[in-house]
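[1] Structure, please.
(chains A, B and C)
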Amino acid sequence: MPEGLEAEIWRRAAQPLIGRRIERIELDKRVADPALIAAVGKRIDGVRRHGKVIVVDTTGPAIGIRFGMTGRLIIDGVAPIRQLEYASGRDRSNWDRIRLWTYPESARDAPAMRMNDPRRLGRVDIDPDLSRLGPDAFEISAAALADSLSGRRTSMKAALMNQEVVAGLGNLCVDEVLFSAGISPMATVDAVGDAGTHQVWRAMRRRLPVMLERGGSIYGVIDPERRRNLGRCPFGRCNGSLRSDKVGGRTTVWCPAHQLVEFC
DNA sequence: CGGCATGTTTCGCC
DNA sequence: AGGCGAAACATGCC
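    Next comes the predicted model:
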């Protein structure tokens, strides 16, 4: 989905919904659980986030929203993130997967909240099960990250994208974090070791708030322009060149000159 | 037109 | 048994 950063932006934008009563719900049954109509008439108690998932708590069922690759949240007619990198800025109403009106504060015809997802890989669940998600990427401690990674036989990149290990990092954030940490994305968790894992944790703490403040996952050093055109490595005085490879099944942009198995 | 895309689930294979 | 990689999913865009 949009990653945890985008979910956090939407969580914040959705706070004004708290306290309102749900007047009406329309949903696309292909991706949104029809049982969610049970939330009609209930009051919104809170909007929280874990990893990439938004949960709208009500006095009835909770509404769990996952955004897939192209889902967006629009609150009171305003899209906090207007356009996603790999989707146009178009907003066709038949891409809405859930629409929710509240009483009495829905702005005119605009739903108080809607999720618009052209590609339809997102989901809207009733009482979502978050039990398999790892610690949230923004909250995780160094010890918890080390513990969560221990025993993994896969690459660092694949491990960090695994939501059971740590919840909220996606392809772009993992590339940014590993770039900043100076750790190779293809290094195995074991090869990276305790010291390298700590570097990864520090890079998460360092980079994620900056990207959040700038507006999301695309605002790292490894931005969309660099993902497309590569070029010289922008890390410190590194003399290397960016390259693109498939790691963990995803396009990975990194610099072999400074992203080493042994961290810099 | 071919290929690729901020993600998750499923299917086989160790 | 269970972790892991590849394929599948669905659609738009360059």
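[2] now the helices for chain A?
    For chain A, the helices defined by DSSP state H occupy A:4-13, A:142-149, A:156-161, A:171-181, A:189-214, A:224-229.
[3] Which other helices and strands does the first one contact?
    Contact partners of helix A:4-13 among helices and strands, from 3 or more Cβ pairs under 8 Å, 6 or more residues apart in numbering; DSSP states H and E: strand A:44-50, strand A:53-58, strand A:72-75, helix A:189-214. The way it works is simple: take the backbone N, C-alpha and C, and place the C-beta from them, glycine included.
[4] go with 6 Å
    For helix A:4-13, the packing partners by 3 or more Cβ pairs under 6 Å, 6 or more residues apart in numbering; DSSP states H and E come out as strand A:44-50.
[5] which residues are in contact with stretch A:220-235?
    Outside stretch A:220-235, the residues that touch it by Cβ atoms under 6 Å, 6 or more residues apart in numbering are A:85, A:175-176, A:179, A:211, A:218, A:240-242, A:253, A:255, A:258.
[6] Can I get that stretch in CSV, CA atoms only?
    Output in CSV follows, covering the C-alpha atoms of stretch A:220-235 (Å, rounded to 0.1, in the frame of the first residue of the first chain):
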residue,chain,number,x,y,z
GLY,A,220,13.7,10.3,0.6
VAL,A,221,17.1,10.6,-0.9
ILE,A,222,16.2,7.7,-3.1
ASP,A,223,13.3,9.6,-4.7
PRO,A,224,11.3,8.7,-7.8
GLU,A,225,13.7,10.6,-10.1
ARG,A,226,16.6,8.6,-8.8
ARG,A,227,14.7,5.4,-9.0
ARG,A,228,14.2,6.0,-12.7
ASN,A,229,17.5,7.6,-13.7
LEU,A,230,19.9,6.3,-11.1
GLY,A,231,23.2,8.2,-11.6
ARG,A,232,25.8,9.1,-9.1
CYS,A,233,25.4,8.1,-5.5
PRO,A,234,24.3,11.0,-3.3
PHE,A,235,25.5,9.5,-0.1
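[7] Show me what counts as buried in it.
    The neighbour-count check on stretch A:220-235 (16 or more other Cβ atoms under 10 Å) flags A:220, A:222-223, A:226-227, A:233, A:235 as buried.
[8] So which residues on chain A come close to DNA strand B?
    Chain A comes close to DNA strand B at residues A:1-3, A:5-6, A:51-52, A:66, A:68-69, A:81, A:84-87, A:119, A:121, A:161, A:163, A:170-172, A:216-218, A:227, A:249-251, as judged by Cβ under 7 Å from any atom of the strand.
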